[in-house]
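S.K.: turn this into a model:
(one chain, ligands or ions: 1)
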Amino acid sequence: MHFFDRLADRIAVADSVVSVGLDPDPARLPEAVADADLPRWQFNRRIIDATHEHAACYKPNAAFYEDADGWRALRETIAYAHGKDVPVLLDAKRGDIGNTARQYASVLDDEDGPAADAITVNPFLGRDSLEPFLQRAEKGVFVLGRTSNPGGADLQNLELASGEKLYERVVHLADLWNDNGNVGLVVGATNPDELEEIRELVPDIPFLVPGVGAQGGDSEAAVEHGLADGVGLVNSSRGIIFAGEEAADRGAPEKFFEAAGKSAKQLKEQLNQYR
Ligand SMILES: O=C(O)c1cc(=O)[nH]c(=O)n1[C@@H]1O[C@H](COP(=O)(O)O)[C@@H](O)[C@H]1O
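M.R.: Numbers count the residues shown, from 1 in each chain. Alright, predicted model coming up:
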């Protein structure tokens with residue numbers, strides 16, 4: 001099944017557009033999992049148990065898994081999320097020359113265990129660097145459009161000779177690259193005006209909107225402009241998975257994962273007001 005059809009089904013079942021970011025910073029893992037074999041996997045398992053009812057998608061960021069045990073933790077996490085019937089978007093921001101890109105894209109194949117259903121990619125190297133991802137028609141390919149970080153404007157807002165901004169050009173290209181209907185765009189919630197403008201440029205492309213929660217982005221704009229025909233994702237990572245830190249610090253470690261569930265539910269309900 002094509003990723004966006006699968007995502008539409010999941011959004012309907014969970015009544016949610018929340019993407020739960022699985023960014024298990026080793027320095028912030030609670031004691032309950034810190035001594036386990038594969039702490040990140042044990043952490044994610046309990047986060048998934050607590051949040052899956054409210055999750056349209058899980059988004060593990062590859063940066064938190066790029067070591068020997070990390071890929072094992074990631075594979076277990078993907079399998080577990082699939083077991084709960086929730087799709088997984090691997091946030092890897094890939095983009096490289098052809099043969100390297102082909103290798104990167106193989107992370108989407110099931111040969112070594114369950115693979116992610118979608119991935120984030122960086123468009124800086126142009127179409128051929130993304131071709132191996134785009135050709136996997138059933139997989140979602142989210143192209144970085146306008147990122148949420150303060151330095152995003154350094155390059156993305158540069159004005160080209162044509163008068164277009166660089167991010168506008170990227171958005172236009174992403175639309176051209178969408179032969180298989182599997183392209184999405186990443187547009188941060190911290191730039192609501194640009195979110196609105198980009199939605200006008202590409203009415204039919206679903207967005208992944210990160211930046212609500214810990215980065216303080218605009219959740220109303222995220223929903224209003226992030227969805228295309230009801231399909232899209234609004235991501236929060238630290239705001240959900242570490243919501244229980246304070247309770248644990250106050251001597252209630254059992255509340256850690258419960259708080260993540262509450263936070264995911266709260267975000268779902270907040271976003272649903274605007275759907
Ligand atoms: O591609 C992304 O997901 C992404 C793009 C962007 O513009 N900004 C952004 O924060 N992200 C990712 O979204 C997640 C945000 O995490 P929190 O700020 O903890 O919610 C991290 O995994 C980021 O790498």
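
S.K.: middle-most residue in the protein, spatially?
M.R.: Centre of the chain computed as the mean C-alpha position; nearest residue by CA atoms, centre = their mean is Lys59, 4.2 Å away.

S.K.: so that one touches Val20, yeah?
M.R.: Yes. Lys59 sits in contact with Val20 when judged by CB atoms under 8 Å, with a separation of 7.0 Å. From N, CA and C alone the C-beta is placed, and that goes for glycine too.

S.K.: break down the stretch 1-150 of the chain into its strands, ranges please.
M.R.: In the stretch 1-150 of the chain, strands defined by DSSP state E, counting those that start in this stretch lie at 18-22, 57-60, 89-94, 118-121, 140-146, listed in chain order.

S.K.: looking at those strands, which is buried most?
M.R.: For those, the largest average neighbour count (mean count of other CB atoms under 10 Å) is found in strand 18-22, namely a mean of 29.

S.K.: contacts for that one, please.
M.R.: Strand 18-22 is contacted by residues 44, 47, 51, 54-61, 64, 77, 89, 91, 208, 210, 233-238, 240-241, 264, 267-268, 271 when judged by CB atoms under 8 Å, 6 or more residues apart in numbering.

S.K.: repeat the analysis, applying 7 Å as the threshold.
M.R.: Strand 18-22 is touched from outside by 44, 47, 51, 54-61, 77, 89, 208, 233-237, 240-241, 264, 267-268, 271, with contacts defined as CB atoms under 7 Å, 6 or more residues apart in numbering.

S.K.: likewise for stretch 131-143?
M.R.: Stretch 131-143 is contacted from outside by 1-4, 89, 101-102, 105, 108, 117-121, 123, 130, 170, 174, 177, 180, 182-186, 208, using CB under 7 Å, 6+ apart.

S.K.: can you give me the neighbour number for Ser106?
M.R.: Ser106 is flanked by 13 other residues according to other CB atoms under 10 Å.

S.K.: and it, how close does it get to the ligand?
M.R.: Per CB to the nearest ligand atom, to the nearest Å, Ser106 is found 20 Å from the ligand.

S.K.: Asn28 is in contact with Gly244, isn't it?
M.R.: In this structure residue 28 is Arg, not Asn. No. At 10.6 Å, Arg28 does not count as touching Gly244 under the criterion of CB atoms under 7 Å.

S.K.: mind checking which of the two has more residues around it?
M.R.: Set side by side, Arg28 and Gly244 give different neighbour counts by other CB under 10 Å, the larger being at Gly244 (24 against 12).

S.K.: for the stretch 51-200 of the chain, what lies in contact range of the ligand?
M.R.: Asn61, Asp91, Thr120, Thr147, Ser148, Asn149, Val186, Gly188 (CB under 6 Å from any ligand atom).

S.K.: can you lay out those as CSV showing pLDDT?
M.R.: Shown next, in CSV, are these (pLDDT from 0 to 100):
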residue, pLDDT
Asn61, 98
Asp91, 98
Thr120, 98
Thr147, 98
Ser148, 98
Asn149, 98
Val186, 98
Gly188, 98
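
S.K.: buried subset of those residues, written for ChimeraX?
M.R.: Applying 16 or more other CB atoms under 10 Å to those leaves a buried subset, and the ChimeraX line that selects it is:
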select :61,91,120,147,148,186,188
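
S.K.: ok, so of the residues of the stretch 51-200 of the chain next to the ligand, who is nearest Asn157?
M.R.: Thr147 (10.9 Å; CB to CB).

S.K.: quick one: contacts for the closest one?
M.R.: With contacts defined as CB under 7 Å, 6+ apart, the neighbours of Thr147 are Gln156, Val186, Gly188.

S.K.: now intersect those residues with the helices, please.
M.R.: Here DSSP state H is the test, and those give Gln156 as lying in helices.

S.K.: can you give me the helices in the stretch 51-200 of the chain?
M.R.: Taking DSSP state H, counting those that start in this stretch as the test, the helices found in the stretch 51-200 of the chain are 68-83, 98-105, 127-134, 152-156, 166-176, 192-201.
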